[in-house]
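Peer 1: Next one to model:
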Amino acid sequence: MARRHAFLLALGLISAIGAGSALAQSVADVNSNLDTLFGNHAQYQTFFDQLKKAVGSDAKATVATMFDYPFQARIKGKALKIRDAKQFVADYDQIITGKVKAAVVKQTYGTLFANSQGVMIGDGEVWFSGICSDNSCKQQTVRITAIND
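Peer 2: Coordinates of the predicted model:
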């Protein structure tokens, strides 16, 4: 019985150590993932750094330039369509709530999650992705595509 408990404890520790290292990622891992998904991590890293700085200092006009309009914001359980930068600045405090701001400010580049839909900050409070700038979609501009309070 004691051997069985020792075996189960050892198995649990090995699993925990293995899971921790599997979940850990580095900046190089994020860069590689973004390169694979979107072709170029540099513009995503630059965008993230600029967004974090702008949100952290409540630079409303700067943050307003970082969206793909119109976009959907989910605030207090309600969907809100933001038409343009003017509306965004007017409703900034309802859109960039304390929860959203904290998620952006606490996020590090090396812990970003990305999939084919874009890059996620926090637990989905902010999503950003490349938006086609031309008909062939060879040129993309990184923009925020969703905010979820």
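Peer 1: Do a quick rundown of the helices in the protein.
Peer 2: Along the chain, counting by DSSP state H, helices occupy 2-23, 27-38, 42-56, 60-64, 85-90, 92-95, 98-106.
Peer 1: Just to check, Gln94 is in contact with Lys78?
Peer 2: No - between Gln94 and Lys78 there is no contact, the gap being 10.1 Å when judged by C-beta atoms under 8 Å. In short, each C-beta sits where N, CA and C put it, glycine included.
Peer 1: quick one, which of these two is more surrounded?
Peer 2: Per other C-beta atoms under 10 Å, whichever of Gln94 and Lys78 has more neighbours is Gln94, with 14 against 8.
Peer 1: and the residue nearest to that one when sequence neighbours are not counted, how many neighbours?
Peer 2: In space, and not counting its chain neighbours, Gln94 is closest to Ile75: 5.6 Å by C-beta to C-beta, 6 or more residues apart in numbering. Per other C-beta under 10 Å, the neighbour tally for Ile75 reads 17.
Peer 1: How about the one 10 residues further on?
Peer 2: Residues near Ala85, counting by other C-beta under 10 Å, number 16.
Peer 1: Just confirm it contacts Ala64, I think it does.
Peer 2: Yes - using C-beta under 8 Å, Ala85 is in contact with Ala64, at 4.0 Å.
Peer 1: before we move on, back to that, distance of the residue nearest to Gln94 relative to Val105?
Peer 2: With the distance defined as C-beta to C-beta, to the nearest Å, Ile75 ends up 19 Å from Val105.
Peer 1: Likewise for Ala114?
Peer 2: From Ala114 over to Val105 (counting by C-beta to C-beta), the distance is 19 Å.
Peer 1: same question, Asp49
Peer 2: Taking C-beta to C-beta, one finds Asp49 at 12 Å from Val105.
Peer 1: of the two, who's got more company?
Peer 2: The residue with more neighbours, out of Asp49 and Val105, is Val105; 14 against 11, by other C-beta under 10 Å.
Peer 1: okay, the more buried one: pLDDT?
Peer 2: You'll see Val105 listed with a pLDDT of 98.
Peer 1: show me what contacts it?
Peer 2: Neighbouring residues of Val105 by C-beta atoms under 8 Å, 6 or more residues apart in numbering: 52, 55-56.
Peer 1: give me the number of residues near the residue lying closest to Asp123 once chain neighbours are set aside?
Peer 2: Using C-beta to C-beta, 6+ apart and skipping residues adjacent in sequence, the residue nearest Asp123 is Ala103, 7.1 Å away. Ala103 has 20 neighbours, counted by other C-beta under 10 Å.
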